[in-house]
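Asks: next comes the sequence, and after it the predicted model I'd like to discuss.
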Amino acid sequence: MSLQGLGLTHDQERVYRYLLRTRQTDPDTAGADLSMPGLRPVVAELQALGVVDARLVPLPPAAAVDLLVRRRVERTSRELARLDEAFDVVRELAEEARRGHPVELVERIQDNAEVTRRIAAIPGRFETMNAKRLPCGRSAYLDEAARRRFRRKLADGLVSRTIFGTAALDQPEQMAYARYWHGQGDLHRVTAEPFGQLFVVDRRVAFVRLDPERPESDTLQICQPGIVAALVDLFERLWARATDLDRLDLSATEAAVLRTLSEHGKDETAARELNISLRKYRAHVADLMARLGAVTRFQAALRAKERGWL
């Protein structure tokens, strides 16, 4: 098989094979042997590819082929991504036909149900980026059917990342929600930095809440590539500085709950000692057990001691 199929030119392949056979380190001698007066630029190209080093020592065949294959795969992936953009035109035309008017690159949506419908209608959905406040109250959580659909997408390879604020750290129900989905594959990180609510699908469609302080406020759907790219960059910077959920230290309240968990047999007594409601105490216990991967409270205490939390 010719290495030209992996991206090398005819001259590049000739030089690489020659160096592999002869171990020649003098470019002038190599150029004379190959009758190739313009050998030095070819060598420079091979060095830029990483196939030959500065001393004209070639990579071993297996390493060279592996490098060229990976480069070819990366190039093919970029080409496929460009081709995928062509299908955006098809989707845009179909949406235009459905609505009866042109699709705007930035559109204001007043109905939250319409936002949900549009997100669900986006085909592909290989990656989602989500910067949000965690839900408050049982009515704000996904229903069982939605949970099943989301779990199925994660199992099928959806890459999902979520950033939330530090205000949720003292809310056991919200933390239990975050840890549940983190364990399912929707990776969560926490940040103390201010941020607006943002949801990006496949790095090409973004949804931004107009007023972050009002969950019922209108939403902007953004398809303009430059704006979406800027929002993706903003998310990536926030993500890089945020703390992974698995690396969070215990809060003072969580540490106190762990201590009372090992000291008291009754939840009522422990909650009374900590001066918190029984419901909140049990929510903290459930969150800590999920965080420790424990099935029983006894197992949670053992694992907490192993981590040095007790």
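Replies: Looks like it arrived, so ask away.
Asks: could you work out the end-to-end span of stretch 199-209 for me?
Replies: Start-to-end span of stretch 199-209 (Cα to Cα, to the nearest Å) is 9 Å.
Asks: any buried residues in it, and which?
Replies: Neighbour-count burial for stretch 199-209 flags Phe199, Val200, Val201, Asp202, Arg203, Arg204, Val205, Ala206, Phe207, Val208, Arg209 (criterion: 16 or more other Cβ atoms under 10 Å). Any C-beta I mention is one placed from the backbone N, CA and C, and that applies to glycine too.
Asks: same check on stretch 226-237?
Replies: Val228, Leu231, Val232, Leu234, Phe235.
Asks: who's in contact with the first one?
Replies: What that stands for is Val228. Counting by Cβ atoms under 8 Å, 6 or more residues apart in numbering, Val228 touches Val200, Arg203, Arg204, Val205, Ala206, Ile222.
Asks: residue contacts, Thr166?
Replies: Contacts of Thr166 (Cβ under 8 Å, 6+ apart): Val190, Thr191, Ala192.
Asks: which among those residues end up buried?
Replies: Val190, Thr191.
Asks: ok, how many other residues are close to Asp53?
Replies: Asp53 sits with 11 neighbouring residues when counted by other Cβ atoms under 10 Å.
Asks: cool, and Thr76?
Replies: 10.
Asks: after the helix or strand containing it comes which helix or strand?
Replies: Secondary structure assigned from DSSP states H and E places Thr76 in helix 61-99. Per DSSP H and E, helix 61-99 leads on to strand 106-109 as the next helix or strand towards the C-terminus.
Asks: contacts for that following strand, please.
Replies: Applying Cβ under 8 Å, 6+ apart, the contact partners of strand 106-109 are Val115, Arg118, Leu210, Asp218, Thr219, Leu220, Gln221, Ile222, Cys223, Gln224, Ile227.
Asks: ok, now how distant is the first one from Leu49?
Replies: By that I understand Val115. Note on Val115: its distance to Leu49, by Cβ to Cβ, to the nearest Å, is 46 Å.
Asks: that older thread, any chance of the contacts of Val228 in TSV, with pLDDT, secondary structure and distance to Arg133 too?
Replies: Compiled in TSV, these are given as follows (pLDDT from 0 to 100; DSSP: H, G, I helix; E, B strand; the rest coil; distance: Cβ to Cβ, whole Å):
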residue	pLDDT	secondary structure	distance to Arg133
Val200	91	strand	17
Arg203	88	coil	23
Arg204	85	coil	24
Val205	89	strand	21
Ala206	91	strand	17
Ile222	90	strand	20
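Asks: which one among the residues you listed gets closest to Leu261?
Replies: Comparing those against Leu261 with Cβ to Cβ places Val200 closest, at 39.7 Å.
Asks: residue contacts, Lys263?
Replies: Slight slip there: residue 263 is Glu, not Lys. Applying Cβ under 8 Å, 6+ apart, the residues near Glu263 are Ala270.
Asks: Asp53 too?
Replies: Gln47, Leu59.
Asks: can you check Val69 too?
Replies: Taking Cβ under 8 Å, 6+ apart, one finds Leu6 in contact with Val69.
Asks: Asp218: neighbour count?
Replies: Residues near Asp218, counting by other Cβ under 10 Å: 15.
Asks: on that earlier part again, which of the contacts of Thr166 fall in helices?
Replies: Using DSSP state H, no member of the contacts of Thr166 falls within helices.
Asks: narrow the contacts of Thr166 to those in strands?
Replies: Val190, Thr191 (DSSP state E).
Asks: in CSV, list the contacts of Thr166 along with pLDDT and distance to Tyr177.
Replies: Listed next are the contacts of Thr166 as CSV, based on pLDDT from 0 to 100; distance: Cβ to Cβ, whole Å:
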residue, pLDDT, distance to Tyr177
Val190, 86, 13
Thr191, 84, 17
Ala192, 77, 19
